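[1] structure of the sequence below:
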Amino acid sequence: MNNYITGKIIKELREKQGLTQLELADIINVSDKAVSKWETGKGLPDITLIEPLAKALKVSVIELMNGEYITNKNESSNMLKSKFSVCPVCGNIIHTMGENINSCCGINLPILEAEEGDNITCEMVENEIFVSLNHEMSKEHYISFIAYVANDRCEIVKLYPEQNAEARFLKRGKGIIYAYCNKDGLMKKNI
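    The predicted model follows:
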């Protein structure tokens with residue numbers, strides 16, 4: 001993480017929870033003067049207090065550390081509102097069903113914005129969707145994954161350089177096909 005908790009975010013989150021400095025202090029077993037010092041920038045919470053502080057403020061440790069917190073508006077977990085992040089260091093693919101803050105390998109990962117994928121071809125073959133892309137598949141430039149998101153599931157096929165940029169999915173109704181290029185980013189096609 002490249003940030004440490006700021007007094008501004010502590011105060012903002014405390015007020016959002018309707019807590020006084022004394023009430024927050026009681027919850028995490030510190031003095032109200034300590035909370036006041038944090039909020040005015042005259043001190044910082046000890047590292048051992050980060051997890052209890054995040055819990056008391058009803059945010060994740062990552063949100064507290066970043067100074068950004070997310071309100072996920074996808075409370076019904078609609079799969080068609082899926083979001084993807086990809087770690088540029090190790091290649092981890094992170095799938096969520098709404099707004100989020102993710103980190104991997106010490107890096108805060110952005111939520112990828114999908115562009116319309118004109119080069120994504122979808123063919124119906126019996127009860128399957130055959131997805132292919134006319135795309136280079138070298139070690140320098142390749143499609144990392146193809147995903148099919150339907151109403152009730154997300155299926156991801158991990159691809160590697162020098163494979164074909166294609167995947168098959170059992171058809172499950174309307175949905176969205178996503179493809180991630182290591183250079184050009186996330187693409188999508190509604191089916």
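[2] residue 58 touches residue 17, doesn't it?
    Yes - Residue 58 is in contact with residue 17 according to C-beta atoms under 8 Å; the separation is 6.2 Å. Using the backbone N, CA and C atoms, a C-beta is placed for each residue, glycine as well.
[3] neighbour count winner among these two?
    Taking other C-beta atoms under 10 Å, residue 58 and residue 17 do not tie; residue 17 has more neighbours (14 against 11).
[4] got the contact list for the more buried one?
    By C-beta atoms under 8 Å, 6 or more residues apart in numbering, the contact list for residue 17 reads 24, 56-58.
[5] show me which of those are buried.
    Among those, those that count as buried by neighbour count (16 or more other C-beta atoms under 10 Å) are 24, 56-57.
[6] among those, which ones are in helices?
    24, 56 (DSSP state H).
[7] closest one to residue 81 out of the buried ones among the contacts of residue 17, please.
    The closest of these to residue 81 turns out to be residue 57 (C-beta to C-beta; 25.8 Å).
[8] packing partners for the lowest-mean-pLDDT helix or strand in the chain?
    Scoring the helices and strands of the chain by mean pLDDT, DSSP states H and E places helix 61-66 at the bottom, with a mean of 79. Helices and strands touching helix 61-66, by 3 or more C-beta pairs under 8 Å, 6 or more residues apart in numbering; DSSP states H and E, are helix 50-56.
[9] CA atoms only for the helix it packs on, dumped as CSV, please.
    C-alpha atoms of helix 50-56 as CSV (Å, rounded to 0.1, in the frame of the first residue of the first chain):
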residue,chain,number,x,y,z
ILE,A,50,-6.0,-0.8,11.7
GLU,A,51,-8.1,-3.9,11.7
PRO,A,52,-10.3,-3.0,14.8
LEU,A,53,-10.6,0.6,13.4
ALA,A,54,-11.8,-0.7,10.0
LYS,A,55,-14.3,-3.0,11.7
ALA,A,56,-15.6,-0.2,13.9
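[10] remind me what that helix packs against, helices and strands.
    helix 21-28, helix 61-66.
[11] now residue 22, nearest residue through space, not along the chain?
    Counting by C-beta to C-beta, 6 or more residues apart in numbering, residue 22 lies nearest to residue 32, which is 4.3 Å off, once chain neighbours are set aside.
[12] residues touching that neighbour, list them.
    By C-beta under 8 Å, 6+ apart, residue 32 lies in contact with 20-22, 24-25.
[13] of those, just say which sits nearest to residue 93.
    residue 24 (37.0 Å).
[14] who's in contact with the closest one?
    14, 17, 32, 35, 56-57.
[15] same question for residue 11.
    Residue 11 sits next to residue 39 when contact means C-beta under 8 Å, 6+ apart.
[16] can I assume residue 169 sits in a strand?
    Yes - the assignment for residue 169 by DSSP: H, G, I helix; E, B strand; the rest coil puts it in a strand.
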